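**Student:** Attaching a predicted model along with its sequence, questions to come.
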Amino acid sequence: MQNRFGVKDFFLFLVVAVVGVLVYLQLRQADLQRRDVLQPLKSQIDEMSEALGRLQRDQARINATIDRISREVGELGERGIVVAPGGGVGVTPPRSSGGGDAWAVEGVPIKRPPFYDFTHDPREQTDFVEGGELRFVLRSPPDKLTYYLAGDVTAREVNSFIFQSLGRLHHDTLEEVSVLAEAWQVAPDGLWMRARIRDEARWADGEPVTAEDFAWTFSDVMKNELIDAARSRSIYDNMIEVVALADKVVEFRFAEPIYSNESLAYGFAPLPKHYYIQFAPEAYNSSTALQMGSGPFRPVSFDPADQWAAGAGDIVLVRNNNYWASPPAYNGVRFSFLNTAAAMLQAFENGEGDLIGATPEQFSQKIGDEQFLDMANIHQWVNIQSSYSFIGWNTGPRPDGSLGPFHDIRVRQAMTMLIDRERIIRDFFEGLGEIAYGPNPPGPASSPTVEPWPYDPDRAAELLTEAGWIDRDDDGILENEAGEEFVFTYTIVSASQTFQRIASYLTDAMRRAGIRVNVDGHEWSRFGELLRDRDFDAISLGWSASGPESDPKQIWHPDSIQDEGDNFVQWSGPKTEDGALLTAELIDAGRRTLDRDERMRIWQQLHEVIHEEQPYTFLVRNPTINFVNKRVGNFREYPLNKNKIEWFLLQ
Amino acid sequence: MLNYIARRLLLMIPTLFGITFMVFMIIALSPGGLAAGLQLGPGATQTQGEGGAAVVEAYLEDRYGLNDPAPVQYLRWLSRISPIKFTKRDQESPDGQRLSAPRPINPPELVRADWLPIETVTLDAGSIEPTVELEGLGTDELAGLYKRVRSEYANARGQFIRASKLLEIRAVDYAEAVGIEAAIESETEVRVERLVRTPFDAGSAAAAELLVVGEDTARIFNAAARARANEMAVFDAHPLPRMGIGVDGLWLGAPDLGQSFTRSQDVLELIGDRLPVTMLLNVLAIPVIYCIAIPAGVLAATRRDTLIDTVIGAFFVALWALPRVGVGVLAIGYLADSNWMSQFGLPHLPTGGLHSDDANEMLFLPSSGEDGFRPGYLLDMAWHLALPVLCVAYSGFAVLSKQTRAAMLENFNADFVRTARAKGVAPGDVTLYHVFRNSLLPLITMFVTIFPAMFAGSIIIEEIFSIEGMGKLAIDAIRRRDREVLLGVTLITTIVNLLALLLADILYAIADPRVSYD
């Protein structure tokens, strides 16, 4: 074989080597250019944009003040009366711009909730530092961030830094506070809500927020059938019209007078018409992150060609230099994504994230780890947004018409008393969380007289005997009069480890009481189908709330049994003396009651009925567990979770 | 040879049909339904309003064409991905979106069945004259008009879908009231053919309500049908540039993989973003496997039946037996733990992703300046890829090294090796030039068996190391029942694998002159 290294081979080798060296030199050249020319340029641009940002902020305040003064002057001339003036130049936080109430309907009281951004102002804290980037490490990226298309929790979290609404709830006091609105009125009949938008409110590109933005967002985005916002549309079902009455006056109109109309309206997030109008519905649908809002942060670029997409790495938000109110302490927010809880914790420990949500197991693993506690604080608290998990008992017929054992109220009460919820919390939730005992968190909407049912197997056995479930053939399993054994299926989402464990506990606890449980795990799609077809005996899920009271209609109203509504346990509750359904009456009355205190009394009554009837066995209210890097300052636990805007970053 | 390649390429077409049909039917037959999967999931909000979830589901089914029988849906999908199309020519909007002719609309069965005595409204049947005036419009005006009629039809259609679902729900109430249990499919679905067997009984309150809703639905249908006629008229006037070449009914155009159900993005675009990542992972793993496995195999063959041979064999088989999931998680738990790694004075590896946070601001090559050594973009990426590539690669060592060893041993006993030895060629040269060179052939075909397995295996690796590749896309699509994405991923993965097989066969023929396909 002739395989010697010949002259031809030598030249081939030489050519390859020369090409390699040339490529390397070319790359090196490009890098040098970039370092010498681009990087100094970049730092200059950064400095300039910082300076420009300050100018823009000042400009925004001056504009707002001029607007106000000119309007006040105009009104003075018109009405010939003196109106209390607003603030001076450079006000932070914004104050009422005064200026009369010509926008309002006469005779209807005007609400002027205080402006709200920080619960505790970071700049008043002792070790306050400006700057830095806040880094979240989250589980799995959202599909998209474009408002009204995005539906998942992560997208909502990201968008909370960018988009604002007229008002919201205070994190600590839970009272209504204002953001974009200066004041609003609610119709005495509950059919409209009229709001006056703040003069100083601006979009991230410096344009003012107008009533037209609200009206356009409602008619051309949310209610536009070409746009994939079916879910948002169904939430705003009761809102039929949004009208721009004047430049800064917007009115929301409703089909039915429901107490939640007001919060629906002040929670409505407008989009800037002048920016979004360039996108045809198809382009809007296929967009991944079109985010221009009025909040303190903004995406790096508003160019639709540069929008973030799942798979394109971290979501990066930067400070909005046109922000119209007092800016947060830090300069930017970064969301990075890791798929497993273990990797998230690892990245956090390596100092690559400032905050992660942790599992109860991670909590108990790290609470005694001194090395960990040196770098991080562990927070766990049950708050209003904490979800509660429950077992729902099918009180109505299954699709084949057969009635399960749980149509009997005594059986349901017995079930609750057979489940040792303190033990569930101890064994499966590492002792974290509280026993849940009703649909609302403890507070005004929950009855003060209700106590959780105790763990009492003896009393449960008595109730079961009373209901006709007795072990008639001494095989350890209860039977009814017809001789049928007490067996039920427990349907859960198989991906949920928590419910898997609860299922094994439930099987065990029920066996001791003479009841057999068949655990039936499904993935979400099939689970949803069983839920809608009411094809189960017992089912587990969790609900979470966004405020101290939530509209009970969807889950508890007998009407929601129909049409695949969310009353999947088919519970219609007791009847009143004249044969009507008590829960239907209570819920309908409560929804119509605009007076808060009176409505709370009704919700408390409803809570008592639910407690007595036990269509659900409420299990646990799960706490929020956060590992927070020590460099995050001003982190506080609030009844309404946490206020991320008010933190600052040491170093 | 060309003949052979052409034959192989043609054979791919039925293979693709088979695979996509299987996947399509599995999704179509899986319990739960697609539209339901779009609605419920962790973090989903409650649905509100009249009709609740049922109306939203009906809307989604209509939007994605899920209410036809599964084979019809499959044919529609095929016609979209086929380069030869039999529809009206699509048109392209200025922002690059593909716009097709308006979809047909059918009156609700209940109203059409001549069973409900609707008197106030007559259903518009057959051809409806459009009410738009197209005479003398310029291109821009036409495009503007098209935009308007499109959104009008979409709104009208949406209302119609809602109304007909509500009508169906009322029909269920009616069936309950008059006691035709057989006509009730579920709380929100009615079997019309059973219902219309008994004449309409106007006696009950449910019947009166059904009649009112029926009249409403008929009215809304008429409006929607008129809106469709308008859109069709404008579409036929070609307000936008048409795509492809040919005439309406037979034209050539680019395959359309459709849009993701859950993301509303073009499937092709989604895959285009992720395929390079997965390919990179696999293409990097192949040299790693070959560089380690082949020398190990050669060593094992030359030291046959010694301790080294046993250790190499046992070690690689042990690696092969380790599940990737466990290895990946352990790798993150130790090698990416800064505390653990700092015991040995080593920097920790990244926990996931492909780049550092500040990768965009890095130079491409490593550099050392006043502020010390900086890794640069290239090294940073290599640093992030180290663990995933290793996890993709390690199980390939066993097969390849065993294969090398077996081929070497076979050649050690061959006549030409004995001759070479007899000639007095140095033992090292015999191994390298005579035995090893002739053992290379089977290693080329090994590429074929390794590649598809690696491609599949990288799905798990991508999930563990949070890399946004094809694997993660596929897993998300399965979890969320995103049929279009899943079909697209299947199609592209199949094509890549089939091409890899073909490439291996061609390489085999080039490497070994004895092999010929003609």
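**Tutor:** Happy to help now that I have it. Numbering: from 1, shown residues only, chains lettered A, B, ... in the order given.
**Student:** Wait, B:Ile464 touches A:Asn339, no?
**Tutor:** Yes - between B:Ile464 and A:Asn339 there is a contact under Cβ atoms under 8 Å: 6.8 Å. (Each C-beta comes from the backbone N, C-alpha and C, glycine too.)
**Student:** Tell me if stretch B:404-420 is near chain A.
**Tutor:** No - applying Cβ under 8 Å from any Cβ of the partner chain, one finds stretch B:404-420 separated from chain A by no less than 9.3 Å.
**Student:** re earlier: looking at B:Ile464 and A:Asn339, which is more packed in?
**Tutor:** Between B:Ile464 and A:Asn339, B:Ile464 has the larger neighbour count (other Cβ atoms under 10 Å in any protein chain shown), namely 25 against 19.
**Student:** With adjacent residues omitted, what lies nearest to that one?
**Tutor:** Distance criterion Cβ to Cβ, 6 or more residues apart in numbering or on different chains; nearest residue to B:Ile464, sequence neighbours excluded, is B:Gly328 at 3.7 Å.
**Student:** Around that neighbour, how many other residues sit close by?
**Tutor:** Residue neighbour count, defined by other Cβ under 10 Å, stands at 23 for B:Gly328.
**Student:** so it, which of the three states?
**Tutor:** helix (DSSP: H, G, I helix; E, B strand; the rest coil).
**Student:** how about the helices in the stretch 401-550 of chain A?
**Tutor:** In the stretch 401-550 of chain A, the segments counted as helices under DSSP state H, counting those that start in this stretch are A:409-418, A:421-428, A:457-466, A:497-512, A:524-533.
**Student:** Okay, buried residues for the longest one please.
**Tutor:** Right, the one you point to is helix A:497-512. For helix A:497-512, the neighbour count (16 or more other Cβ atoms under 10 Å in any protein chain shown) marks A:Thr498, A:Phe499, A:Ile502, A:Ala503, A:Leu506, A:Ala509, A:Met510 as buried.
**Student:** what sits against residue 441?
**Tutor:** Using chain A here. A:Pro441 makes contact with A:Val382, A:Asn383, A:Ile384, A:Ser386, A:Ala545, A:Pro548, A:Arg621, according to Cβ atoms under 8 Å, 6 or more residues apart in numbering or on different chains.
**Student:** other chain: chain B
**Tutor:** For B:Leu441, the contact set (Cβ under 8 Å, 6+ apart) comprises B:Ala407, B:Tyr508, B:Ala511, B:Asp512.
**Student:** Just checking, which helix or strand of chain A averages the lowest pLDDT?
**Tutor:** Lowest by mean pLDDT, DSSP states H and E among the helices and strands of chain A is helix A:39-79, with a mean of 73.
**Student:** ok, back up a step: for chain B, which of the helices of the stretch 401-550 of chain A is the nearest?
**Tutor:** Closest of these to chain B is helix A:524-533, at 3.0 Å (criterion: Cβ to the nearest Cβ).
**Student:** who does the closest one touch, helix- and strand-wise?
**Tutor:** strand A:487-493, helix B:34-39 (3 or more Cβ pairs under 8 Å, 6 or more residues apart in numbering or on different chains; DSSP states H and E).
**Student:** I'd like the average pLDDT over that helix.
**Tutor:** Helix A:524-533 carries an average pLDDT of 81.
**Student:** Near whichever residue of the stretch 401-518 of chain B sits closest to chain A, how many other residues are there?
**Tutor:** Here the stretch 401-518 of chain B gets closest to chain A at one residue, B:Glu468, 3.5 Å apart by Cβ to the nearest Cβ. By other Cβ under 10 Å, 22 other residues sit near B:Glu468.
**Student:** before we move on, what about B:Asp114?
**Tutor:** Using other Cβ under 10 Å, B:Asp114 has 9 other residues around it.
**Student:** Return the residues in contact with it.
**Tutor:** Contacts for B:Asp114 (Cβ under 8 Å, 6+ apart) come out as none.
**Student:** residues contacting the closest residue to A:Thr507 other than its chain neighbours?
**Tutor:** Nearest non-adjacent residue to A:Thr507, counting by Cβ to Cβ, 6+ apart: A:Val517, 4.5 Å away. Residues in contact with A:Val517, defined by Cβ under 8 Å, 6+ apart, are A:Val487, A:Phe488, A:Thr489, A:Tyr490, A:Ala503, A:Leu506, A:Thr507, A:Met510, A:Arg511.
**Student:** Would you reformat those residues as a markdown table and include distance to B:Ala223?
**Tutor:** Formatted as a markdown table, these follow (distance: Cβ to Cβ, whole Å):
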| residue | distance to B:Ala223 |
| --- | --- |
| A:Val487 | 53 |
| A:Phe488 | 49 |
| A:Thr489 | 47 |
| A:Tyr490 | 48 |
| A:Ala503 | 51 |
| A:Leu506 | 53 |
| A:Thr507 | 56 |
| A:Met510 | 56 |
| A:Arg511 | 60 |
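**Student:** Any chance of those in a markdown table with pLDDT as columns?
**Tutor:** Below are the contacts of A:Val517 laid out as a markdown table (pLDDT from 0 to 100):
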| residue | pLDDT |
| --- | --- |
| A:Val487 | 91 |
| A:Phe488 | 92 |
| A:Thr489 | 92 |
| A:Tyr490 | 93 |
| A:Ala503 | 92 |
| A:Leu506 | 92 |
| A:Thr507 | 93 |
| A:Met510 | 92 |
| A:Arg511 | 91 |
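**Student:** just these now: which is nearest A:Met417?
**Tutor:** Set against A:Met417, the nearest of the contacts of A:Val517 by Cβ to Cβ is A:Met510 (12.1 Å).
**Student:** is stretch B:212-230 up against chain A anywhere?
**Tutor:** No - Stretch B:212-230 lies apart from chain A when judged by Cβ under 8 Å from any Cβ; the minimum separation is 10.8 Å.
**Student:** which outside residues touch that stretch?
**Tutor:** Outside stretch B:212-230, the residues that touch it by Cβ under 8 Å, 6+ apart are B:102, B:104-105, B:107-108, B:110-111, B:116, B:118, B:120-124, B:127-132, B:149, B:152-153, B:155-157, B:159-160, B:163-164, B:166-167, B:170.
**Student:** Can you select the buried ones from those residues in ChimeraX?
**Tutor:** The ChimeraX selection below is limited to those of the contacts of stretch B:212-230 classed as buried (16+ other Cβ under 10 Å):
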select /B:102,105,107,108,110,111,116,118,121,123,124,128,130,132,149,152,153,155,156,157,159,160,163,164,166,167,170
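**Student:** In strands only, show me the contacts of stretch B:212-230.
**Tutor:** If you go by DSSP state E, those have nothing in strands.
**Student:** who's in contact with the residue of the stretch 401-518 of chain B closest to chain A?
**Tutor:** B:Glu468 touches A:Pro141, A:Ala310, A:Gly311, A:Ala312, B:Asp273, B:Arg274, B:Val277, B:Glu462, counting by Cβ under 8 Å, 6+ apart.
**Student:** could you flag which of these are buried?
**Tutor:** Buried members of the contacts of B:Glu468, counted by 16+ other Cβ under 10 Å: A:Pro141, A:Ala310, A:Gly311, B:Asp273, B:Arg274, B:Val277, B:Glu462.
**Student:** and which of those is nearest A:Pro457?
**Tutor:** Using Cβ to Cβ, the buried ones among the contacts of B:Glu468 come closest to A:Pro457 at A:Pro141, 46.4 Å.
**Student:** How much space separates the closest one from A:Leu338?
**Tutor:** According to Cβ to Cβ, to the nearest Å, A:Pro141 and A:Leu338 sit 10 Å apart.
**Student:** what does A:Glu451 give?
**Tutor:** Computed with Cβ to Cβ, the distance linking A:Glu451 and A:Leu338 is 42 Å.
**Student:** Quick one: mean pLDDT over stretch B:18-31.
**Tutor:** 87.
**Student:** buried stuff in it?
**Tutor:** B:Ile19, B:Thr20, B:Val23, B:Phe24, B:Ile27, B:Ala28.
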